[in-house]
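Novice: Please work out how this folds:
(4 chains)
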There are 4 protein chains.
Amino acid sequence: MPRLAIHRLSMAHPGDLSALEALIARGEVRAGEIRAVIGKTEGNGGLNDFTRGFFTQTLMLLLASQTGETPAALAARIPCVLSGGTEGALSPHYMVFSVSDEAAAGRGLALGTAFSPVTPAREIGRVAQIEAVVAAVRAAMADAGIARAEDVALVQVKAPAPQAPDPDARSTDAKLLMALSRAAAAVGAGVALGDIPADHATEAALLTDLSLYSNRVSISSGVEVTCNEVVVFGHADGWAEGIVAGVAPMADLLDLAGVQAAFAAAPGEVLGVIAKGEPDKTGAIRGHRHTMLGDTDIDAQRHLRGALGAIVAAVAGDGRVFVSGGAEHQGPPGGGLVCVFARSA
Amino acid sequence: MPRLAIHRLSMAHPGDLSALEALIARGEVRAGEIRAVIGKTEGNGGLNDFTRGFFTQTLMLLLASQTGETPAALAARIPCVLSGGTEGALSPHYMVFSVSDEAAAGRGLALGTAFSPVTPAREIGRVAQIEAVVAAVRAAMADAGIARAEDVALVQVKAPAPQAPDPDARSTDAKLLMALSRAAAAVGAGVALGDIPADHATEAALLTDLSLYSNRVSISSGVEVTCNEVVVFGHADGWAEGIVAGVAPMADLLDLAGVQAAFAAAPGEVLGVIAKGEPDKTGAIRGHRHTMLGDTDIDAQRHLRGALGAIVAAVAGDGRVFVSGGAEHQGPPGGGLVCVFARSA
Amino acid sequence: MPRLAIHRLSMAHPGDLSALEALIARGEVRAGEIRAVIGKTEGNGGLNDFTRGFFTQTLMLLLASQTGETPAALAARIPCVLSGGTEGALSPHYMVFSVSDEAAAGRGLALGTAFSPVTPAREIGRVAQIEAVVAAVRAAMADAGIARAEDVALVQVKAPAPQAPDPDARSTDAKLLMALSRAAAAVGAGVALGDIPADHATEAALLTDLSLYSNRVSISSGVEVTCNEVVVFGHADGWAEGIVAGVAPMADLLDLAGVQAAFAAAPGEVLGVIAKGEPDKTGAIRGHRHTMLGDTDIDAQRHLRGALGAIVAAVAGDGRVFVSGGAEHQGPPGGGLVCVFARSA
Amino acid sequence: MPRLAIHRLSMAHPGDLSALEALIARGEVRAGEIRAVIGKTEGNGGLNDFTRGFFTQTLMLLLASQTGETPAALAARIPCVLSGGTEGALSPHYMVFSVSDEAAAGRGLALGTAFSPVTPAREIGRVAQIEAVVAAVRAAMADAGIARAEDVALVQVKAPAPQAPDPDARSTDAKLLMALSRAAAAVGAGVALGDIPADHATEAALLTDLSLYSNRVSISSGVEVTCNEVVVFGHADGWAEGIVAGVAPMADLLDLAGVQAAFAAAPGEVLGVIAKGEPDKTGAIRGHRHTMLGDTDIDAQRHLRGALGAIVAAVAGDGRVFVSGGAEHQGPPGGGLVCVFARSA
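Specialist: Numbering: from 1, shown residues only, chains lettered A, B, ... in the order given. Purely as a prediction, here's the structure:
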């Protein structure tokens, strides 16, 4: 029966996987058992953030040297979800999720993965992408052995962005395409979980119908992936006990109680944290104007990650939290969500 | 006997004082009773942040139109302490401190102000500036009627930065001079409060002897002032009751308990918040690397304000908190301090 | 008969008009004869650039103190066209255009101004704005005594941007509204000059029909103005000789010959330079990829101004050149235009 | 006898070496004959620019797959000099320098390389680094068969920056260490060429004695190298004809004639361009204030590259020019230098 393990590791720079290499050398992690990697690299988190590609290349080379598989084959079966941007209190780090086999029986935290087919530029932000994500999330749930949507704690997706302008794309604005890709993946995951009605999941609803959201979906997008890479976490029979996940929505950026609720829902030693948020599009938080959206010098998502990251890190007492901006359809509008993984006490 | 009032007002842009103009028009604030203004404008907070000068010019024009004094005369007697940078959750706002006269007797929050003589570029970051601030803080305490240093809640100083390169200045690096100016003012204020031994207050100690700090001192520096402008807050006999101030240090950027302690020390409706912090110079927070100091694209102080501002705002439930970076000798190294003003319950 | 004079002045910061104050004090410029001011301030040039408002407020206060008019009355009759952003080699400066009366007869460089009615947010980027600019340009030509469109050297417009979100605006994206405002003003001016066919001047054409452009139109937009402020330059009878203007289009950002052509067209001592350009929207210049449009850290217009500014300044041998990004419908797509004012030899 | 070839190639992103891969596949370049790579990647060019490391890793993997050598062995013998930052008109590209053998005799452009021993953090910006570079430049000259210093056209060095804080380093300021490393390497190369007197090459002179410079030295520094990697270009007997190099200093940033002189000195089809420059430390260019050094939002080197890059690209008519900031002791103070490689007509 499978047992999930989570190792949270620091990096000195985006090409530094030495901490994982050491764990493998010491036998604490077996390269062949790694199922997913989720991490924060210290780029700008935007279209021209290449720290994600650098990390991914380095990771796959390391695993290739250990497993004998090619980097391309590994990249095609191990989701590597990276979010650039470690503004403020955030610390560059990555969580390695591995699954070993053991004799015991129980009910514990399960992990499943799936990859959609390659999503060409013309499908990004369109119904084709939504449907591809619905199918991929269902496949990942099946992979995890999670039968019921209510048992899913979190769906994490890395969604593609076009590497070059494409006349068939929904927009010529590359940054908008990144947002549309996140939106389509979020809505697709929400539909798969039953949190968003399938008949509302239209192209027109993306980025506009803010009533559509799931509190259990976290999406990043970037040019370093060409399909939708899905990781599902949930509680399932047939998985070893020992790790719990707690999730809670944030009503707005200042929802300290929401953050604390996620930690309270996963008591024990914290193994990792995933959070999403966004600059409130109304231009105000609790009635007071913020300046994130109109700043010419600092990208709004960099503002957001610095702010949300600090709040989550302050509650965690640790800067190694995965905080990502661009929470379209992920948690309440202007707010977001927090997921905490902990070793159950 | 004097009664201190605090009005916290929003601005639509750095030249927008309409909220204060309306209060004056309605008779809620008398222009002649305004003693100090402390606020956050939405610039970059650095050397080339002109939002502070814009706000100050507009404020003094408004008060001049109401009082008949010239803008220059008003600027010479009313400290206008502005910190640029409303990253993340912060909201542009200003606190207007006014003092009216009333018959009642009691013990309440007192305010005093003082201006040092003009500080030429060659004195910035040198003993001359330290000594000028010691004298100005003592003058402001006397102005407030605060006899004992232990009754001081907070000293706020706006310290000068050179408007042009000066061969006699301690450094040719304008950004370093801004930091030295903050350091000298902080050490001077700390000496005046008895929090820093006078014989340690040397030029060499500035920015280097991190053991020297006060938990009750907050400094900003900028090219828009040419001397050290001091505002002292404390509890004193002979001032009307009604407002309390609570102060607490932050051990590091993630010291959520420290922030909460400051709010607990000033129970009641929050009227204003002042906080200082800095990126930990060791490059790590609680053992985990942060990336604020090595970022070529976002200034370290902008990172810091976004992070600290979000934590303080989350506790306050309000983005209108005065959070300023550059906490040299202000609170523990790598940490800072928080001061809360509240209407006593 | 009128004589145009151009004074090009430096500023130490955006609130520093001391150079103009000195000229007025020495009698070299009469405050009442100032007809327009065009300048570069050292902000970021974007939505949250307040250096423009700071400069304008300071200018109008200075002129008010000299003329007895109110700042508001002066701002309503003297166009103050500021472009933020002095990246790279650019130097903060402003050109003061004044018109005196003298006895001589001739044909020289003429100046005329006009203001459209206030443009509400809902009209920005719509036909209403286009038409308002057509009318204002014709009024400014009449003011200058320029009868024929072919005699116009340059139309400079400062177009409005909404100061706050407006549900009736064409877009909720404030940065897009700034671009639409420039586009509408450019197309309107192009129609007035006969460079753009009136029947192509539709709302849908703005930012999309790149075949519509004028090589004699330069537009800035910003929140500090609420209507379209127009300055027209051209050669006309009845104006004193002595100043010439030369204009040339730039085919692309690297069109050094185009820049040189503008200087050749206005031989003599250079009195001022106005240039517009834009990052090529195809993502390449002469077949080679540029990275201006996809950078998360530096705004594309800041990239553009730094690059174009350096080329124009290198030809001029002087960093005091007015270079502005956002050349929608101003010069060839991906290129722009340069206008040189010179004292005729 | 050796023949130098230069291939200038574009990249779609910093991990894209497909253009070189294609040349190798077509037999136009033999992997084993590659002697050096010099290129511009689209990072921020500062301490936290990881595009250089990403490119280098990818390059060495490609060459390893072709040559059978390990990536580490290749990196230890092939200088890979990358400068981050393609601001404005610059286009990401790399020049591949390869040397083949052929029967003909002549005198042509020669290339030689050398690596200093590993430079620990404590030696950066100190005499040890200067001396190491002197020796490495001499070794590279010998490698090229260039006997006389006057025959050297250009020395290009990639100098190390510490990857982590080191208590023994000359400064705790990582950005300053990068500048000191460039300065030490520049002075070392200048000494080796006889352009800087050896007895002036002291630690104290670095960054301060601006009279010490060479017009034939170009330095980049970065955390991705741990020693001083040197490439020398010059004209020498025993090398095949066909390529020429022309070098000229720039007196200041606006020295268009200087740029044109370098192109005139290497007539023919341009194969590559290398330029260095710096923001004038006096804060002015030809008497007019620039704002590069005091900007909190855009790093001074990013300003510089955007400006200088545009001027050089405008003269070249091509954005694929290697332009790098940080010209300490490289060309006249406030200016810089330009080197052009051309296929001789």
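Novice: Test my guess that residue A:39 contacts residue A:94.
Specialist: Yes - under the criterion of C-beta atoms under 8 Å, residue A:39 makes contact with residue A:94 at 2.8 Å. Just so you know, the C-beta spots here come from the backbone N, C-alpha and C atoms, and that holds for glycine as well.
Novice: shared neighbours, those two?
Specialist: A:11, A:55, A:82 (C-beta atoms under 8 Å, 6 or more residues apart in numbering or on different chains).
Novice: Tell me which of those residues fall in strands.
Specialist: residue A:82 (DSSP state E).
Novice: where does the stretch 51-200 of chain A dip in pLDDT?
Specialist: Across the stretch 51-200 of chain A, nothing is flagged by pLDDT under 70.
Novice: And the helices in it, which stretches?
Specialist: Taking DSSP state H, counting those that start in this stretch, the helices of the stretch 51-200 of chain A run over residues A:51-67, A:71-75, A:127-144, A:174-193.
Novice: picking up where we left off before, tell me which of the shared contacts of residue A:39 and residue A:94 is nearest to chain C?
Specialist: residue A:82 (15.2 Å; C-beta to the nearest C-beta).
Novice: rewinding a little: among the shared contacts of residue A:39 and residue A:94, which are within reach of chain C?
Specialist: Restricting the shared contacts of residue A:39 and residue A:94 to those touching chain C (C-beta under 8 Å from any C-beta of the partner chain) yields no residues.
Novice: Highest neighbour count among the shared contacts of residue A:39 and residue A:94?
Specialist: residue A:55 (30 neighbours; other C-beta atoms under 10 Å in any protein chain shown).
Novice: which ones are touching residue A:15?
Specialist: Applying C-beta under 8 Å, 6+ apart, we find residue A:15 in contact with A:54-55, A:57-58, D:50, D:53-54, D:57.
Novice: Skipping its backbone neighbours, what lies nearest residue A:13 in space?
Specialist: residue D:50 (6.1 Å; C-beta to C-beta, 6 or more residues apart in numbering or on different chains).
Novice: before we move on, the earlier item: in CSV, list the helices of the stretch 51-200 of chain A along with distance to residue B:303.
Specialist: Listed next are the helices of the stretch 51-200 of chain A as CSV, based on distance: least, C-beta to C-beta, whole Å:
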stretch, distance to residue B:303
helix A:51-67, 17
helix A:71-75, 32
helix A:127-144, 34
helix A:174-193, 22
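Novice: Return the most buried member of the ones you listed.
Specialist: Ranked by mean neighbour count, these are led by helix A:174-193 with a mean of 27 (mean count of other C-beta atoms under 10 Å in any protein chain shown).
Novice: Determine the number of other residues adjacent to the residue in the stretch 151-300 of chain A positioned nearest to chain D.
Specialist: Ranked by C-beta to the nearest C-beta, the top residue of the stretch 151-300 of chain A for proximity to chain D is residue A:297, at 4.1 Å. When neighbours are counted by other C-beta under 10 Å, residue A:297 registers 24.
Novice: what's the helix or strand for it?
Specialist: When elements are assigned from DSSP states H and E, residue A:297 belongs to no helix and no strand.
Novice: That one reaches residue C:45, doesn't it?
Specialist: No - taking contacts as C-beta under 8 Å, residue A:297 lies outside contact range of residue C:45: 10.2 Å.
Novice: Point me to the residue sitting farthest from the middle of chain A.
Specialist: Relative to the C-alpha centroid of chain A, counting by C-alpha atoms, centre = their mean, residue A:103 is the outermost residue, at 30.5 Å.
Novice: Distance of that residue relative to chain B?
Specialist: 36 Å (C-beta to the nearest C-beta, to the nearest Å).
Novice: Contact partners for that residue?
Specialist: Residue A:103 sits in contact with residue A:1, where contact means C-beta under 8 Å, 6+ apart.
Novice: Same check on residue A:289?
Specialist: Neighbouring residues of residue A:289 by C-beta under 8 Å, 6+ apart: A:283, B:10, B:12, B:91-92.
Novice: returning to what we had before: dump the shared contacts of residue A:39 and residue A:94 to CSV, plus distance to residue A:247.
Specialist: Converted to CSV, the shared contacts of residue A:39 and residue A:94 look like this (distance: C-beta to C-beta, whole Å):
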residue, distance to residue A:247
A:11, 26
A:55, 26
A:82, 21
